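Trainee: Here you go, sequence then predicted model.
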Number of protein chains: 2
Amino acid sequence: MTTLAPSKSQQAYELLHERIAKGELVPGYRLVLGTIAAELGCSTVPVREAIRRLEAEGLVTFERNIGATVAAVDAELYLHTMETLAVIEGAATALAAPLLSAVDMAEARAINAELRRCLEDFDPPRFTQLNDRFHAVLYERCPNPHILDLVHRGWNRLNAMRASSFSHIPGRARSSVEEHEHLLDLIDAGASTSEVEKAARAHRTNTLNAYLAADGMPPSPL
Amino acid sequence: MTTLAPSKSQQAYELLHERIAKGELVPGYRLVLGTIAAELGCSTVPVREAIRRLEAEGLVTFERNIGATVAAVDAELYLHTMETLAVIEGAATALAAPLLSAVDMAEARAINAELRRCLEDFDPPRFTQLNDRFHAVLYERCPNPHILDLVHRGWNRLNAMRASSFSHIPGRARSSVEEHEHLLDLIDAGASTSEVEKAARAHRTNTLNAYLAADGMPPSPL
DNA sequence: CGATGATGGATCGTATACGATTTCGTACTT
DNA sequence: AAGTACGAAATCGTATACGATCCATCATCG
């Protein structure tokens, strides 16, 4: 039995998704069906499907008879995405907390220790990557697949826009690591679901509000 | 200038969406591209696109080389959908609360009064419809479009499954109306965002837990 | 009689083709 | 010189066509 190749539309989806996440395709970039199809060596039909999928996830915008462009990122979109993720990831982390094994917790602590080290030898890309993994460990056990799916989508969007901007807020990384530690302590102490949720959500709204404050904007009401 | 007709794929999407929401297409029903295309008088290509869109929203499942079926509904899916909606709608309602006008509040109260009347002359479909509208009034002003979109998707899924089952839990309708009243009072009193969120979320988890209890299952941890 | 393998029909996945729509450059008018 | 009208090129939307894959049926073999 041969391993069946992924469908063309799947390949197209993965290619575009990756490029957007990596920031190779900047917001506003025009995605032309024919061009992408030629590059992939397939027809426009599967590419169309891939693009509609990306649209459903909010990574690209699509206009009838006009075409697709990588979703523009402005302060407002960032705000909305972070706010949504605060809500959803908070819930996911809270639901996952009672299901975390000792191994999971150890991994999370190890990653956070690395994050702390990262603070010394300033390395933002690596920090971001570790940070992603840290949170993934905490929410991945969420037993509700819908919520988990929404968390993934939120992170995708966030990564897509991080690649182009919004990368860094001065003192935030350090307090972030502290908040991680606090969150882990809470979970280890067997805190209630709502306590964990509150802490996980606050962690994200803190980042958002730090950004908003830097721009002289009011904090999120959440 | 003539109003341009909606694209075929849009038409196909709307047709299928409506049928699923109305329960004409029961879960497990097989959606065959060619058949639908013939019925719509178009080719399979736009139908494909419509189905992929429905898939992204969780209304149908799609397997490679197999095809699409209307998403099966089981207790677990219902649980997960309600749980997700509890989180998302709670946040949406909380964010919308400070933006509700006196007119909005009056409309909500009027709808709830009708709901109360509905309790007498037992009319479940109408009750459900009014209930939908009641909540829509409360969350529709949510300033975060992502969250709003997720609420809409959640309700869509819920409606799709309500059509086939899960329609009624004995005493729930009456307490539901009371909770609505309480929620409106909270908002009128200018309660904090987190209080409104808690109340709105509780309203939904109460329904979910009533269902779970009826089946002898443990309540949601949220 | 049950398991295995071949065969055909149904359905999907994608290439190609072409009409429809938008966009952009250019010539013409005021 | 600015604005408008026209036409060509680019791109999208969808029909048609055909190979690929799956599933059900039935024949064959142990």
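Mentor: Yep, that arrived.
Trainee: can you give me phi and psi for the residue in chain A that chain B sits nearest to?
Mentor: In chain A, the residue found nearest to chain B is A:Ala56; the distance is 3.8 Å by Cβ to the nearest Cβ. Quick note: C-beta positions are derived from backbone N, CA and C, even for glycine. Phi and psi for A:Ala56, reported as degrees, to the nearest 10, are phi -60, psi -30.
Trainee: ok, the nearest residue to it once chain neighbours are set aside - contacts?
Mentor: Using Cβ to Cβ, 6 or more residues apart in numbering or on different chains and skipping residues adjacent in sequence, the residue nearest A:Ala56 is B:Ala56, 3.8 Å away. When contacts are counted by Cβ atoms under 8 Å, 6 or more residues apart in numbering or on different chains, B:Ala56 is found next to A:Arg53, A:Ala56, A:Glu57.
Trainee: SS state for A:Thr69?
Mentor: Three-state assignment for A:Thr69 (DSSP: H, G, I helix; E, B strand; the rest coil): strand.
Trainee: buried sites along stretch A:115-133?
Mentor: A:Leu115, A:Cys118, A:Phe127, A:Thr128, A:Leu130, A:Asn131, A:Arg133 (16 or more other Cβ atoms under 10 Å in any protein chain shown).
Trainee: Closest one of these to DNA strand D?
Mentor: For the buried residues of stretch A:115-133, the closest approach to DNA strand D (Cβ to the nearest atom of the strand) belongs to A:Thr128, at 31.6 Å.
Trainee: Check which helix or strand the closest one maps to.
Mentor: Following DSSP states H and E, one finds A:Thr128 within helix A:124-139.
Trainee: Could you check that helix against chain B for contacts?
Mentor: No. Helix A:124-139 stays clear of chain B (Cβ under 8 Å from any Cβ of the partner chain), getting no nearer than 13.0 Å.
Trainee: Give me the mean pLDDT for that helix.
Mentor: Helix A:124-139 shows a mean pLDDT of 93.
Trainee: Output the contacting helices and strands for it.
Mentor: If you count contacts as 3 or more Cβ pairs under 8 Å, 6 or more residues apart in numbering or on different chains; DSSP states H and E, helix A:124-139 packs onto helix A:75-96, helix A:102-120, helix A:145-162, helix A:172-188.
Trainee: ok and the longest one relative to helix B:75-96, angle-wise?
Mentor: What that stands for is helix A:75-96. With axes from the mean of the first three to the mean of the last three Cα atoms, to 10 degrees defining the directions, helix A:75-96 sits at 140 degrees from helix B:75-96.
Trainee: Centre of the chain to helix A:75-96, how far?
Mentor: Using Cα atoms, centre = their mean, to the nearest Å, the mean C-alpha position of helix A:75-96 is found 9 Å from that of the whole chain.
Trainee: List the contacts of the helix or strand containing A:Lys198.
Mentor: A:Lys198 belongs to helix A:193-214 when assigned by DSSP H and E. If you take Cβ under 8 Å, 6+ apart as the criterion, helix A:193-214 is touched by A:78-79, A:82-83, A:85-87, A:89-91, A:93-95, A:97-98, A:138, A:166, A:169-172, A:175-176, A:179-180, A:182-183, A:186-187, A:191, A:218-220, A:222, B:221-222.
Trainee: Any of those residues buried? List them.
Mentor: Judged by 16+ other Cβ under 10 Å, buried ones among these: A:78-79, A:82-83, A:85-87, A:89-91, A:93-95, A:97, A:138, A:166, A:176, A:179-180, A:183, A:186-187, A:191, A:220, A:222, B:222.
Trainee: State the distance from the spatially most central residue of chain A to B:Arg109.
Mentor: Nearest to the mean C-alpha position of chain A, by Cα atoms, centre = their mean, lies A:Trp155 at 1.3 Å. From A:Trp155 across to B:Arg109, the span is 40 Å (Cβ to Cβ, to the nearest Å).
Trainee: Could you pick out the residues of chain A near chain B for me?
Mentor: A:7, A:45, A:48-49, A:52-53, A:56-58, A:64, A:80-81, A:83-84, A:87-88, A:91, A:94-95, A:98, A:144-147, A:150, A:193, A:221-222.
Trainee: Out of the residues you listed, which are close to DNA strand D?
Mentor: Restricting the residues of chain A next to chain B to those near DNA strand D by Cβ under 7 Å from any atom of the strand leaves A:Val45, A:Arg48, A:Arg64.
Trainee: just the buried members of these?
Mentor: Judged by 16+ other Cβ under 10 Å, buried ones among those: A:Arg48.
Trainee: Stretch A:64-74 and DNA strand C in contact?
Mentor: Yes. Against DNA strand C, stretch A:64-74 shows contacts by Cβ under 7 Å from any atom of the strand at A:Asn65, A:Ile66.
Trainee: Is A:Pro27 in a helix, a strand, or coil?
Mentor: What three-state DSSP gives for A:Pro27 is coil.
Trainee: doesn't A:Tyr78 make contact with it?
Mentor: No. Counting by Cβ atoms under 8 Å, A:Pro27 does not reach A:Tyr78; the two are 11.2 Å apart.
Trainee: where do the contact lists of these two overlap?
Mentor: A:Met161.
Trainee: need the residues of chain A near DNA strand C, please.
Mentor: With Cβ under 7 Å from any atom of the strand as the criterion, chain A meets DNA strand C at residues A:7-9, A:37, A:41-46, A:49, A:65-66.
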